[in-house]
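Undergrad: Fold the following and give me the result.
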Amino acid sequence: MRITILSVGQVEQNMLRHIQENIVKAFPRIECIILENPIPLPKEAYSIQRRQYHSSVLLDVIREYSKKIHADKILGISAADLYVPQLNFVFGEAELPGKVAIISLYRLKPEFYGDSANQALFMERAVTEAVHELGHTLGLNHCPNSSCVMFFSNSIRDVDAKDWNFCPTCSERLSRLIR
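TA: The predicted structure is shown next:
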């Protein structure tokens, strides 16, 4: 299986490489590549009232783009703030199950919450959200175990309470789904 990382707007290369390196640790036997050229943030996804990008519209754009490349799964990564109409924001969104997912780095930075910059924490949060959304594309639902990567993150505290590992139950489900 091949996972392709696609920058939606400008994202730092070191972040893309860090996520790539950890995706292959989280999903053994999966190839992960980074596409060199980012796609622009589509104007039609932007809400002037909210000053955010609608993540479902971005998923549609990524799905359309996926027709041009060979990839089993595509993970969009954006520095933009994302939302869905029912929520104030989202860290990411994915098809469950499906081919495409997106994460936002915007609210993963410690500085967003008034804390000091912490690159290691920022990168760890990004990996956690990337693995979470890819788990959805592979067919995993949210997990009730708050330390499992598949636990729903309603706040940054929820992200920090878990890491990018699957609990035994989700790990077993994932093994069955990938076979």
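
Undergrad: mind checking how far the longest helix seen in the chain is from the chain centre?
TA: Ranked by residue count under DSSP state H, the longest helix found in the chain is helix 119-137. Mean C-alpha position of helix 119-137 versus that of the full chain (C-alpha atoms, centre = their mean, to the nearest Å) differs by 6 Å.

Undergrad: would you put the C-alpha positions of the lowest-mean-pLDDT helix or strand in the chain in PDB?
TA: Taking mean pLDDT, DSSP states H and E as the measure, the chain has helix 168-178 as its least confident helix or strand, at a mean of 92. C-alpha atoms of helix 168-178 as PDB (Å, rounded to 0.1, in the frame of the first residue of the first chain):
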ATOM      1  CA  PRO A 168      -4.400  -3.200  21.300                       C
ATOM      2  CA  THR A 169      -8.000  -3.300  20.100                       C
ATOM      3  CA  CYS A 170      -7.500  -0.800  17.300                       C
ATOM      4  CA  SER A 171      -4.200  -2.400  16.400                       C
ATOM      5  CA  GLU A 172      -5.900  -5.800  16.000                       C
ATOM      6  CA  ARG A 173      -8.700  -4.200  13.900                       C
ATOM      7  CA  LEU A 174      -6.100  -2.400  11.700                       C
ATOM      8  CA  SER A 175      -4.200  -5.700  11.100                       C
ATOM      9  CA  ARG A 176      -7.400  -7.300   9.900                       C
ATOM     10  CA  LEU A 177      -8.300  -4.300   7.700                       C
ATOM     11  CA  ILE A 178      -4.900  -4.000   6.000                       C
END
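
Undergrad: Can you tell me which helices and strands it packs against?
TA: Helices and strands touching helix 168-178, by 3 or more C-beta pairs under 8 Å, 6 or more residues apart in numbering; DSSP states H and E: there are none. Yep, even glycine has a C-beta here, placed from its N, CA and C like the rest.

Undergrad: quick one on the thing from earlier: report the angle between the longest helix of the chain and helix 168-178.
TA: If you take axes from the mean of the first three to the mean of the last three C-alpha atoms, to 10 degrees, helix 119-137 sits at 50 degrees to helix 168-178.

Undergrad: Pull out the buried residues from helix 119-137.
TA: Buried residues in helix 119-137, counted by 16 or more other C-beta atoms under 10 Å: 121-137.

Undergrad: can you check stretch 70-90 too?
TA: Neighbour-count burial for stretch 70-90, counted by 16+ other C-beta under 10 Å, picks out 71, 73-83, 90.

Undergrad: Number of residues surrounding residue 12?
TA: By other C-beta atoms under 10 Å, the residues close to residue 12 number 12.

Undergrad: Kindly provide the distance from it to residue 78.
TA: For residue 12, the distance to residue 78 (C-beta to C-beta, to the nearest Å) stands at 12 Å.

Undergrad: And for residue 166?
TA: 24 Å.

Undergrad: do the same with residue 145
TA: Counting by C-beta to C-beta, the gap from residue 145 to residue 78 is 28 Å.
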